[in-house]
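In: Sequence isn't available, so here's the structure alone:
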Ligand code: GLU
């Protein structure tokens, strides 16, 4: 395998992508797959790569989690350009976005609970989904403001489709008013919601291309709506990758501690082995083998990504016991 020497890679600094992990636990192999492919495609095409720690959720974020993620990325051989951004370091940009929305009277304070919202609407809503309908907006015009920063605030979401352009899935349409209704943009923890923070940061970090797992596909439409509402320039290009599943067909999640990178590393598994497994899953190499991350940009392009999406829309990628045994074959690694 001959990786392309970095000085021969194209440079296209008109495009920027981001790695946006949440420090809510050890990265799992599904996270690694999305991060590795985003990084490799961007390095292949010469884009800038920024790192952003999405650490606004105080309850779920681990102390030292951002440092641990940076250490895991470095261990894997995934790098980034410029200093990393930690969302919790400075809330001012998010407050400024809220002030812009409030000046247009597009946000309102509402402390209705999920149960109250469900009950008020009457019609049954799907498991986990709570659609905040327009009928629940406050009648009092004074509620359309943003002052007390320790309350829930929602954005008025007008009905209508939002068409997103996904490089891997074509044009997809979602109506955020039907999916979530008036979305939460600020929370009672005194911090912005995930949706607001992502939109503000993608803009201020100059992101043009978002490559991430397809659990966030419908969020792309919400983010695009919010981006347009905030008057930000141009739509983003989206690349939503399929998720990795476990043996039982459930998406890998942080509950699956044994698929975590730190746990594997502690068990003596090498980074090249992890990269090699993820590369084989993604069809970059025929069989798992030890593979340095530096070799991956050479193996990735848009058609590989398209093939992966086509294949996995039929047969989702699974982390099997056989994969796990292959990863943990410590004697084999030491003999190499
Ligand atoms: N921080 C999110 C995660 O780790 C990703 C958010 C995004 O890519 O917009 O799942």
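Out: Looks like it arrived, so ask away. Bear in mind the structure is a predicted one, so any value in this text is a computation, not a measurement. Numbers count the residues shown, from 1 in each chain.
In: tell me which strands and helices whichever helix or strand residue 154 is part of is in contact with?
Out: Residue 154 belongs to strand 153-155 when assigned by DSSP states H and E. When contacts are defined as 3 or more C-beta pairs under 8 Å, 6 or more residues apart in numbering; DSSP states H and E, strand 153-155 sits against strand 107-109, strand 183-186. All C-beta spots, glycine's among them, are computed from the backbone N, C-alpha and C.
In: closest to the ligand out of those?
Out: strand 183-186 (14.5 Å; C-beta to the nearest ligand atom).
In: what's that closest one in contact with?
Out: Strand 183-186 has contacts (C-beta atoms under 8 Å, 6 or more residues apart in numbering) with 94, 98, 101, 107, 132, 146, 149, 151-155, 157, 176, 192-193, 195-196, 222, 226.
In: Next: stretch 71-85.
Out: 19, 26-27, 32, 35-36, 39, 48-53, 66, 70, 201, 205, 261-262, 265, 271, 274-275, 292-294.
In: How about the residue of the stretch 201-336 of the chain found nearest the ligand: what's its closest non-neighbour residue?
Out: The stretch 201-336 of the chain approaches the ligand most closely through residue 212 (3.8 Å), counting by C-beta to the nearest ligand atom. In space, and not counting its chain neighbours, residue 212 is closest to residue 34: 5.7 Å by C-beta to C-beta, 6 or more residues apart in numbering.
In: mind checking how far that neighbour is from residue 43?
Out: According to C-beta to C-beta, to the nearest Å, residue 34 and residue 43 sit 15 Å apart.
In: Quick check: residues of the stretch 201-336 of the chain near the ligand?
Out: Counting by C-beta under 6 Å from any ligand atom, the stretch 201-336 of the chain comes close to the ligand at 212, 216.
In: again, but for the stretch 51-200 of the chain
Out: 54, 198.
In: Give me the mean pLDDT for the longest helix along the chain.
Out: Longest helix in the chain by number of residues (criterion: DSSP state H): helix 29-45. In this model, helix 29-45 has a mean pLDDT of 97.
In: How about stretch 75-85?
Out: 98.
In: in it, what counts as buried?
Out: For stretch 75-85, burial by neighbour count (16 or more other C-beta atoms under 10 Å) applies to 76-78, 80, 85.
In: Next step: these restricted to strands.
Out: If you go by DSSP state E, the buried residues of stretch 75-85 have residue 85 in strands.
In: Throw the buried residues of stretch 75-85 into JSON lines and include distance to residue 312, thanks.
Out: What follows is the buried residues of stretch 75-85, written out as JSON lines (distance: C-beta to C-beta, whole Å):
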{"residue": "76", "distance to residue 312": "21"}
{"residue": "77", "distance to residue 312": "24"}
{"residue": "78", "distance to residue 312": "21"}
{"residue": "80", "distance to residue 312": "26"}
{"residue": "85", "distance to residue 312": "31"}
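In: quick check, nearest of the buried residues of stretch 75-85 to the ligand?
Out: residue 85 (12.2 Å).
In: if you look at the buried residues of stretch 75-85, which of them are in helices?
Out: residue 76.
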